[in-house]
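Trainee: Okay, here's the prediction I keep looking at, along with the sequence it came from:
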Amino acid sequence: MKILMWVVVAIVIVGGLVWFMSSPETDNSNSEANSEYRGEITESSSIQSDEQVLAEIDNAIEGLE
Amino acid sequence: MIKKVYPLLIIPLLILTSFVIAAGSSSGNAEDREVERIPSTTSEIESCETQETLRDRIKCRMENPSVAYREAYQAVEEACRDNRYKERCENLYKNSAKCYNEDNLSERKRCFLNESGISFNAQGTFRAAPDENKRNYVVLLLYELQERIEDMQSDGNITVDQATSLVEKIVEIKRMILAKEPRSEIVVKINEFKQEYRTVLTGVKK
C-alpha cells in the first residue's frame, strides 16, 4: 500500500515538473529574453567558429531597418 | 607497251600512299601525342572575367588560384559591380582589407565594426547605428565566411563545386544587402545558404 502511495506521489511530482517546463508562460519568458538580444551586437560576442559567424550575421540582420 | 607500264606505276603508287596514310593516322607514336596534348593541359587561363555567369567566374578562380590572386587586385569585386553602390562597396573592401590580416578574431571583429562605421563609445548600440553602417558590418562578416569556405576548398575539405555554390550564394546576399533590399528577402536567402552550408559541412572533418 505504501509503495503504491509513493508511486502516485512520484508521478504527481514528475508530471508537475513536466507541465511547468512546457508551459507557454515559460516559453514566453525565454523568447522575450532572446528578443531582447536579437538585433543587438555586442563587442564581446565571438566570431571564432563558423556557426558563431552565422549567428552574428543573423543577429546583425535582425538589427537592420 | 605504255598500257603495260601504267598499271606497274599505279600499283606501287597506291601501296606507297596507303603507307603514308597509315603513318599519319597511327596511334602508336606516343611522343607525338604528348606533344599535341601538352598545350591543352598546361594552357593557363589568362582571365576568369571572360566567363559569362557569376558561378562560372567563381569556379574559374577556384580552379586557377594565380588568376584569382591577380584579379583580386585588378578586377572589381563581384559584390561591388552595381553602379548604385560600386564606389561605397569598393571603399569598404579597400578599407577593411587590413582586418583580414588580423589573426586574433576578437581584434578582427573590432576592426570590422570600426571599418563599418559602428562605434560602441558613448553608450552607442548596434541597433542605434545608421542602417548603412550595419549593412557594411554584415557584408564584412559574409566576406569572412567566404574566405573560410575558400580555405576549406583549397585545403581539400570541400569540392570546388560545393565551394562555388556557397560562395555564389554569399555574393548574391552581399549584393542584396548593398542594394538595400528588404530584410525579409535577405533572411530567406540567408536561410537557404545556411541550410546548404550545414549540409556541405556535415561530412567535413575539422
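Mentor: It's in.
Trainee: Now do the residue lying closest to B:Glu172 once chain neighbours are set aside, the pLDDT please.
Mentor: Once flanking residues are discounted, B:Glu172 sits nearest to B:Lys189: 6.6 Å by CB to CB, 6 or more residues apart in numbering or on different chains. For glycine as for every other residue, the C-beta is placed from the backbone atoms N, C-alpha and C. Note on B:Lys189: pLDDT of 96.
Trainee: B:Lys189 and chain A, how far apart?
Mentor: 10 Å (CB to the nearest CB, to the nearest Å).
Trainee: and if you look at B:Phe120?
Mentor: From B:Phe120 over to chain A the distance is 6 Å, taken as CB to the nearest CB.
Trainee: burial measure for that residue, as a count.
Mentor: B:Phe120 has 14 neighbours, counted by other CB atoms under 10 Å in any protein chain shown.
Trainee: right, and it touches A:Ser45 too?
Mentor: No - counting by CB atoms under 8 Å, B:Phe120 stays clear of A:Ser45, with 11.7 Å between them.
Trainee: Now B:Arg127: which helix or strand?
Mentor: Per DSSP states H and E: B:Arg127 is located in neither a helix nor a strand.
Trainee: so what's the residue nearest to it when sequence neighbours are not counted up against?
Mentor: Spatially, and ignoring its direct neighbours in sequence, B:Arg127 is nearest to A:Gly63 (5.0 Å; CB to CB, 6+ apart). Listed by CB atoms under 8 Å, 6 or more residues apart in numbering or on different chains, the contact partners of A:Gly63 are A:Gly39, A:Glu40, A:Ile41, B:Phe126, B:Arg127, B:Lys134.
Trainee: Specify the local secondary structure of the residue nearest to B:Glu172.
Mentor: Under DSSP: H, G, I helix; E, B strand; the rest coil, the three-state class of B:Lys189 is helix.
Trainee: burial measure for it, as a count.
Mentor: Neighbours around B:Lys189, by other CB under 10 Å: 17.
Trainee: what do you get for B:Pro182?
Mentor: Neighbourhood size, B:Pro182 [other CB under 10 Å]: 11.
Trainee: same thing with B:Arg108?
Mentor: 19.
Trainee: and if you look at A:Gly16?
Mentor: For A:Gly16, using other CB under 10 Å, the count is 10.
Trainee: Kindly state the pLDDT recorded for it?
Mentor: For A:Gly16, pLDDT reads 76.
Trainee: Can you tell me how far it is from chain B?
Mentor: Distance, A:Gly16 to chain B, using CB to the nearest CB: 37 Å.
Trainee: Now that residue: which helix or strand?
Mentor: Here A:Gly16 sits within helix A:2-22, counting by DSSP H and E.
Trainee: Pull that helix out as CSV, backbone CA atoms only.
Mentor: The C-alpha atoms that make up helix A:2-22 are tabulated as CSV, following Å, rounded to 0.1, in the frame of the first residue of the first chain:
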residue,chain,number,x,y,z
LYS,A,2,2.9,2.3,1.0
ILE,A,3,4.7,1.6,-2.3
LEU,A,4,1.6,2.5,-4.3
MET,A,5,1.3,5.8,-2.4
TRP,A,6,5.0,6.7,-3.2
VAL,A,7,4.4,5.8,-6.8
VAL,A,8,1.4,8.1,-7.0
VAL,A,9,3.5,10.9,-5.3
ALA,A,10,6.4,10.4,-7.7
ILE,A,11,4.0,10.6,-10.7
VAL,A,12,2.4,13.8,-9.4
ILE,A,13,5.8,15.4,-8.9
VAL,A,14,7.3,14.4,-12.3
GLY,A,15,4.0,15.3,-14.0
GLY,A,16,4.1,18.7,-12.4
LEU,A,17,7.6,19.4,-13.4
VAL,A,18,7.0,18.4,-17.0
TRP,A,19,3.9,20.7,-17.1
PHE,A,20,5.9,23.6,-15.6
MET,A,21,8.8,23.2,-18.1
SER,A,22,6.5,23.0,-21.1
